[in-house]
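Enquirer: quick one, what's the 3D model for this:
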Amino acid sequence: MNAGLFGGTFNPIHNGHLGIIQYVKVHYAFDTIILYPSALPPHKPNRNLASAQDRLTMVKRAVKNMKGFQVSDIELQRKGPSFTIDTISQFKTIFGSHTRFHLLLGSDAFFDTPSWKHARQIFEVLPVIVMQRGEKTGIEPFASFIDEYVSKSYKFKNGNIFVHDRLFPIRICNVPRIDISSTQIRNRVKSGKSISGLVPEDVETFIRTKDLYK
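Expert: Next up, the predicted model:
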């Protein structure tokens, strides 16, 4: 099985997330994409953070009618901050060698990896797909970053892919630009504005019913 791993705070999940992962699923012919909310994201402040259980529920509501998408509470089951390398290891143990995992990262998250726990090990255990959301930055910022922070031995090949003799490939995927952010949604809720069209209807109903982000 070919599976993508897509983690995040999802505070809340929105239609931008969904549009991007639907595109990536088709583009790379994934059998499934597994979404997993962070319980205690170590690199983000906890201001206005909905509970882990509420964020998990919103993700489940968002993808419940989307074929080929799963939701995991794998990080919610662990105590303390969530570290990506630990999550990857746990997924590999659970699913076994018959599942080929790829880690899906937004470009902002990718450029933040030097601050992550054992970040270089990520590239030792699975391929990474970096989702570039319509920015016209070209390949050079990625090449410079990979050379400085990951390995100087990565080589760029046609097809927006960096390859290495010992580490897994890093692919740069230009995904559709969808100008929606979780911060925007939280601010709109706080100011009493509509979020219709920004999140799935079931998520909007949940936010309103639970009185989140007020």
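Enquirer: for residue 171, give its distance to residue 97.
Expert: 22 Å (Cβ to Cβ, to the nearest Å). C-beta here means a position set from N, CA and C on the backbone, and glycine is covered the same way.
Enquirer: mind checking which of those two has more residues around it?
Expert: Legend: neighbour count by other Cβ atoms under 10 Å for residue 171 and residue 97, higher for residue 171 (18 against 6).
Enquirer: quick one: list the elements packing against the host helix or strand of that one.
Expert: For residue 171, the host element (DSSP states H and E) is strand 170-175. Using 3 or more Cβ pairs under 8 Å, 6 or more residues apart in numbering; DSSP states H and E as the contact criterion, the elements in contact with strand 170-175 are helix 15-27, strand 128-133, strand 161-163.
Enquirer: state the distance from the residue lying farthest from the centre of the chain to residue 183.
Expert: With Cα atoms, centre = their mean as the measure, the chain has its most outlying C-alpha, relative to the mean C-alpha position, at residue 192: 28.1 Å. For residue 192, the distance to residue 183 equals 16 Å [Cβ to Cβ].
Enquirer: likewise residue 76?
Expert: In this structure, residue 76 lies at 22 Å from residue 183, with Cβ to Cβ as the measure.
Enquirer: looking at these two, which one has more neighbours?
Expert: A count of neighbours by other Cβ under 10 Å puts residue 76 above the other of residue 76 and residue 183, at 17 against 10.
Enquirer: thought residue 39 was touching that one, still the case?
Expert: Yes: the pair residue 76 and residue 39 passes the contact test of Cβ atoms under 8 Å, sitting 4.6 Å apart.
Enquirer: what is in contact with these two at once?
Expert: With contacts defined as Cβ atoms under 8 Å, 6 or more residues apart in numbering, the residues adjacent to both residue 76 and residue 39 are residue 52.
Enquirer: the host helix or strand of residue 108 - contacts with which helices or strands?
Expert: Following DSSP H and E, the helix or strand that holds residue 108 is helix 107-111. Counting contacts by 3+ Cβ pairs under 8 Å, 6+ apart, helix 107-111 packs against strand 128-133, helix 140-145.
Enquirer: rerun that using 10 Å as the cut-off
Expert: Packing partners of helix 107-111 (3 or more Cβ pairs under 10 Å, 6 or more residues apart in numbering; DSSP states H and E): strand 100-106, strand 128-133, helix 140-145, strand 170-175.
Enquirer: how close does the residue nearest to residue 130 when sequence neighbours are not counted sit to residue 146?
Expert: Counting by Cβ to Cβ, 6 or more residues apart in numbering, the nearest residue to residue 130 once its immediate chain neighbours are dropped is residue 110, at 4.6 Å. In this view, residue 110 and residue 146 are 9 Å apart by Cβ to Cβ.
Enquirer: where do the contact lists of these two overlap?
Expert: When contacts are counted by Cβ atoms under 10 Å, 6 or more residues apart in numbering, residue 110 and residue 146 have 130, 170, 172 as shared neighbours.
Enquirer: can you say which of these are buried?
Expert: Burial of the shared contacts of residue 110 and residue 146 was assessed by neighbour count (16 or more other Cβ atoms under 10 Å); the buried members are 130, 170, 172.
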